[in-house]
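Enquirer: Only the shape, not the letters, is given here:
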C-alpha cells in the first residue's frame, strides 16, 4: 500500500515556538497543557523537566510558569503576576491577537461575538478580554435569540472553518450597521485543511494523527471524513487497527498542529507494517 | 383583472425629505436632478419654481443651490461654498453616512472598497470622500486583480442587493485580517425589494414604476423579473402596452423610491382601463 503525507500537516508556528520556549526553560511548569498532545508533553517532562500544573495555587513566588499556546484567562494571568511568579508567555501570537481585539473593541463600545467553542481553553482566554463579556457561538442558530447593538466586532477561534465563520458574519452583517470582522483563523489551519481535503479525495483510507482533545485535529478529521469515508483519528501507532487497511491501495496521512514529527514517523511505520 | 400594490413601494424617507426641502425653497435650483424622476422634477419646477442646474458655473453668489438626494462630490460642494452660494443640503442622510465612513476610514488608514456603480451620482459623491481614492466594484470578479492591505472598510450603494454585497465582503474577509463592513444598504430598499419579490411570485404580470435611470427602480424590476417573467418597467401610464395584460388575471404593481404617488395612481388607473 502507498502511504502519502498531506502537502501541509503537523506542527504550526505557534506550537514550534511554544515547545522551543519550554525546552529553553528547563525545570519550569506549564499552567495547563502546553499543547494538546499528551505524548509531547510527556517528552518535555522526561527530557526537559517541564512539568504540568493544573491548579494555579500550586505556583509559588519565584516559580517559572509557562503560559500554554492557547493562552489563559486575563484574571489568571494577573493572579500569577501578583504572586510574583516568573511568567513566560508561550501563548501563540495568533491567539494573543484576538485577545487584544476583544479588549480594544469592547473598550470602543463594540458588542463582541466570538465564533468558537466556549469550553475550549483558547476561547476561555479570548473571551476574558472582553470587558463586558462576549457572546460565544458555534453556529448561526445560536445567534438567533441574541440582541446586539449596531456595532459588532467578530473574531474566530484560530482553528475554525472559514466557511462557517462567514455564515456567522453574514447573519450579523444583514441586520447591523457595522460589523467589524477580524479573520483570526490561522493560516496554518487553512493550509493543513486544504491539503487534507485534496489528499482525502485521492485516498482509499485516511489516518489523521493528533490529540483527541485537539480542536484543529478534530477539524482535520472531519474534513477528511467528508472527502474519504474511511478516515480515522489516532493519537499514536497503538491506535491503528490492521483491518482499516484491508483491500486499500492509497493511504493518506495528515496530522494536527500539535502533533510532533516523531509521532507521525511512528504512525507511518506502523501503517506500513500492518498493511504489509 | 385584479391589480394589487406591493406591501411596500414608492417614496422613501430620503426622497420625501428632499421634496419637502425643495418645496420649502421656492425659486431655488437643484444641482443635478433632485431625485431620479423626471415627472416629479417637472412638477417641482411648475408648482414651486425649483429649477434644475447641470452646470455648476451657472450658480452665482447668493443663489440657492439644493443638493440632490444622491449627494455630490466633495470638491463640488466646496466649490459652491467658496462661491458663497446658499447651499441647502437635501442629501439623503443614508447617503451622507457612507460619505462620512469613507472620510473617517481613509483617515484611519483603511483601504476603501465601495460596492456600487462607479457612474452613479451617489457613488461619485461617496467615493470623493475617500482621501486616497476608493475601489468601486459591482461584483466579486472585479476584485480579483486588486491588491489591498490588511485593513479594509467596505460600504455599499444604498440601493444594492444585500446578497451581492455579502459576496463582496466574504471574498475580502477570507484573505484579509480586518474587514470593517458597513451595511449602508437602505432599509426602505430592503422593504420594497422583499415586497416586490412576494408580490411577483403570486402575479401573472408585474408593472414596476420608476425612472429608467433610477438604480433602485431597476433593482426592483430585476427582482420582479426573477420571480415573474412578465415584468415591465414604466415611467408613467403612457409606457403601458395593452397586450401585456392579455389573458392575465393578477397584476402586481410596485414603484421605486423616487416615484410619487400621483404617478402610481395614474398607472393603476391606466392598467385597469387597458385590461377592462
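Expert: On my side now, so go ahead. Note that the structure is predicted; figures quoted are calculated from it, not measured. Numbering: from 1, shown residues only, chains lettered A, B, ... in the order given.

Enquirer: how close does the residue lying closest to residue A:27 once chain neighbours are set aside sit to residue A:25?
Expert: In this structure, residue A:27 finds its nearest non-sequential neighbour in residue A:49, 5.0 Å apart by C-beta to C-beta, 6 or more residues apart in numbering or on different chains. Placement of C-beta: from N, CA and C, glycine included. According to C-beta to C-beta, to the nearest Å, residue A:49 stands 10 Å off from residue A:25.

Enquirer: swap in residue A:78?
Expert: Applying C-beta to C-beta to residue A:78 and residue A:25 gives a distance of 21 Å.

Enquirer: neighbour-wise, which of those two wins?
Expert: residue A:25 (19 against 10; other C-beta atoms under 10 Å in any protein chain shown).

Enquirer: quick one on the thing from earlier: okay, now the residue nearest to residue A:27: neighbour count?
Expert: 12.

Enquirer: The one 10 residues further on too?
Expert: Neighbour count of residue A:59, defined by other C-beta under 10 Å: 20.

Enquirer: got the contact list for it?
Expert: A:29, A:31, A:53, A:65, A:80, A:83, A:85 (C-beta atoms under 8 Å, 6 or more residues apart in numbering or on different chains).

Enquirer: let's see 6 Å
Expert: A:65, A:85 (C-beta atoms under 6 Å, 6 or more residues apart in numbering or on different chains).

Enquirer: Can you check the pLDDT for it?
Expert: pLDDT for residue A:59: 95.

Enquirer: now swap in residue A:259 and tell me
Expert: At residue A:259, the model reports a pLDDT of 92.

Enquirer: Residue A:211 is in contact with that one, correct?
Expert: No: the criterion here is C-beta atoms under 6 Å, and residue A:259 misses it with residue A:211 at 7.6 Å.

Enquirer: Settle it for me: which of these two has more neighbours?
Expert: residue A:259 (31 against 22).

Enquirer: now the residue nearest to residue A:27: how far from chain B?
Expert: 38 Å (C-beta to the nearest C-beta, to the nearest Å).

Enquirer: So that residue versus residue A:242, what's the distance?
Expert: For residue A:49, the distance to residue A:242 - C-beta to C-beta - is 38 Å.

Enquirer: what about stretch A:99-113, start to end distance?
Expert: 12 Å (C-alpha to C-alpha, to the nearest Å).

Enquirer: Let me know whether that stretch sits next to chain B.
Expert: No: judged by C-beta under 6 Å from any C-beta of the partner chain, stretch A:99-113 makes no contact with chain B; its nearest approach is 8.5 Å.

Enquirer: Show residues contacting that stretch.
Expert: Here stretch A:99-113 has contacts from A:126, A:129-132, A:134-135, A:148-149, A:151-155, A:182, using C-beta under 6 Å, 6+ apart.

Enquirer: C-terminal to the lowest-mean-pLDDT helix or strand in chain A, what's the next element?
Expert: Lowest mean confidence among the helices and strands of chain A (mean pLDDT, DSSP states H and E): helix A:187-201, at a mean of 91. Toward the C-terminus, helix A:187-201 is succeeded by strand A:205-209 as the next helix or strand (DSSP states H and E).

Enquirer: Pull out the buried positions in the helix or strand that that next one is followed by.
Expert: Beyond strand A:205-209 in the direction of the C-terminus, DSSP H and E gives the next helix or strand as helix A:215-227. Going by neighbour count (16 or more other C-beta atoms under 10 Å in any protein chain shown), the buried part of helix A:215-227 is A:215, A:216, A:217, A:218, A:219, A:220, A:221, A:223, A:224, A:225, A:227.

Enquirer: helices and strands around helix A:215-227, which ones?
Expert: Identification of packing neighbours for helix A:215-227 by 3 or more C-beta pairs under 6 Å, 6 or more residues apart in numbering or on different chains; DSSP states H and E yields helix A:187-201, strand A:205-209, strand A:231-234.

Enquirer: Return the list of helices and strands in contact with the longest one.
Expert: If I follow you right, that is helix A:187-201. Counting contacts by 3+ C-beta pairs under 6 Å, 6+ apart, helix A:187-201 is packed against helix A:215-227, strand A:250-255.

Enquirer: Select from those the stretch with the lowest mean pLDDT.
Expert: helix A:215-227 (a mean of 94).

Enquirer: how far is that one from where the chain is centred?
Expert: 13 Å (C-alpha atoms, centre = their mean, to the nearest Å).

Enquirer: one step back: could you tell me which of the contacts of stretch A:99-113 belong to strands?
Expert: A:135, A:151, A:152, A:153, A:154, A:155, A:182 (DSSP state E).

Enquirer: buried ones in stretch A:148-157?
Expert: Those would be A:148, A:152, A:153, A:154, A:155, A:156, A:157, for stretch A:148-157 by 16+ other C-beta under 10 Å.

Enquirer: my guess is the third one meets residue A:180, correct?
Expert: Yes: with contact defined as C-beta under 6 Å, residue A:153 counts as touching residue A:180 (4.4 Å).

Enquirer: Would you mind naming what in the stretch 101-250 of chain A lies close to chain B?
Expert: A:162, A:166, A:170, A:173, A:174, A:178, A:179, A:180, A:181, A:182, A:183.

Enquirer: In strands, which of these fall?
Expert: Those of these lying in strands (DSSP E): A:178, A:179, A:180, A:181, A:182.

Enquirer: what ranges do the helices span in the stretch 1-150 of chain A?
Expert: A:13-23, A:38-48, A:74-82, A:93-107, A:121-127 (DSSP state H, counting those that start in this stretch).

Enquirer: Contacts made by the third one with the rest, please.
Expert: Translated: helix A:74-82. A:56, A:65, A:87, A:128, A:129.

Enquirer: so that helix versus helix A:93-107, what angle?
Expert: 110 degrees (axes from the mean of the first three to the mean of the last three C-alpha atoms, to 10 degrees).

Enquirer: Could you check the pLDDT of residue A:150?
Expert: Reported pLDDT for residue A:150: 89.

Enquirer: residue contacts, it?
Expert: Here residue A:150 is in contact with A:176, A:177 (C-beta under 6 Å, 6+ apart).

Enquirer: so where is chain A shaky, pLDDT-wise?
Expert: Within chain A, no range satisfies pLDDT under 70.

Enquirer: pretty sure residue A:242 is touching residue A:273, no?
Expert: No: in this structure residue A:242 lies outside contact range of residue A:273 using C-beta under 6 Å: 9.1 Å.

Enquirer: which non-adjacent residue is nearest residue A:166?
Expert: Residue A:166 sits nearest to residue B:170 (C-beta to C-beta, 6+ apart), 5.1 Å away.

Enquirer: For residue A:217, give me its contacts.
Expert: Taking C-beta under 6 Å, 6+ apart, one finds A:210, A:256 in contact with residue A:217.

Enquirer: Domains in chain A, by residue range?
Expert: What automatic domain parsing lists as the domains of chain A is A:2-9+A:187-274, A:13-92, A:94-181.

Enquirer: Span of the longest one from start to end?
Expert: To tie it back to what came earlier, the one meant is domain A:2-9+A:187-274. Domain A:2-9+A:187-274 end-to-end distance (C-alpha to C-alpha) = 12 Å.

Enquirer: try the second one
Expert: Distance between the boundary residues of domain A:13-92 (C-alpha to C-alpha) amounts to 8 Å.

Enquirer: any idea how far that domain is from the chain center?
Expert: 16 Å.

Enquirer: now do stretch A:114-129
Expert: For stretch A:114-129, the distance to the chain centre is 11 Å (C-alpha atoms, centre = their mean).

Enquirer: Could you tell me the end-to-end distance of that stretch?
Expert: For stretch A:114-129, the end-to-end distance is 12 Å (C-alpha to C-alpha).

Enquirer: and for that stretch, what are the contacting residues?
Expert: Contacts of stretch A:114-129 (C-beta under 6 Å, 6+ apart): A:70-74, A:95, A:98-99, A:102-103, A:134, A:136, A:155-157, A:160, A:165, A:168, A:215.
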